[in-house]
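**Student:** have a look at this fold, sequence not included:
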């Protein structure tokens, strides 16, 4: 199976919301599943429904994390939502495109550059 990225997504015929290019407006410390499943999903929905037009640059704060994997996938990942909402069963999936990249805490100066210059 091909690794998820924008080219693979386009070839797959995915018809959900995707924002490929947008300015980095959020610097998020932490790249774990919890933050990506909640915070980055909220950013993705804000992009789609409210015109936020922004991406999150993630900072990996610990030595061993997900930076390499996130960057190989160009920040894309699939979020599975299962449970119930208003008494109705929910079993949805969505490709999240609100992450631009991930950097390690070892290159913290890049984080300062993100804040001061936006690039």
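**Tutor:** Okay, I see it. The structure presented is a predicted model; accordingly, all values stated were derived computationally and were not measured.

**Student:** go ahead and flag the most central residue of the protein.
**Tutor:** In the chain, the centroid-proximal residue (Cα atoms, centre = their mean) is residue 99; its distance is 3.0 Å.

**Student:** in contact with that residue, which residues?
**Tutor:** Contacts here follow Cβ atoms under 8 Å, 6 or more residues apart in numbering; on that basis residue 99 touches 36, 40, 55-58, 70, 75-77. Backbone N, C-alpha and C define where each C-beta goes, glycine included.

**Student:** now swap in residue 71 and tell me
**Tutor:** Residue 71 touches 101-102, counting by Cβ under 8 Å, 6+ apart.

**Student:** that one belongs to a strand, doesn't it?
**Tutor:** No: under DSSP: H, G, I helix; E, B strand; the rest coil, residue 71 falls outside any strand and is assigned helix.

**Student:** need the pLDDT of it.
**Tutor:** Residue 71 carries a pLDDT value of 97.

**Student:** for residue 83, see how far away it is.
**Tutor:** 30 Å (Cβ to Cβ, to the nearest Å).

**Student:** also residue 58?
**Tutor:** The value you get for residue 58 to residue 83, if Cβ to Cβ is used, is 25 Å.

**Student:** tell me which of those two has more neighbours.
**Tutor:** residue 58 (29 against 9; other Cβ atoms under 10 Å).

**Student:** where does the more buried one land in three-state SS?
**Tutor:** strand.

**Student:** partners of it in the sheet?
**Tutor:** residue 28, residue 102 (DSSP bridges).

**Student:** where exactly do the helices run in the protein?
**Tutor:** Secondary structure of the chain by DSSP state H: the helices cover 6-12, 33-50, 67-72, 108-117.

**Student:** for those, which one sits closest to residue 92?
**Tutor:** Ranking those by proximity to residue 92 (Cβ to Cβ) places helix 33-50 first, at 11.1 Å.

**Student:** which outside residues touch that closest one?
**Tutor:** 17, 19, 22, 26, 28, 52-56, 58, 77, 79, 94, 96-99.
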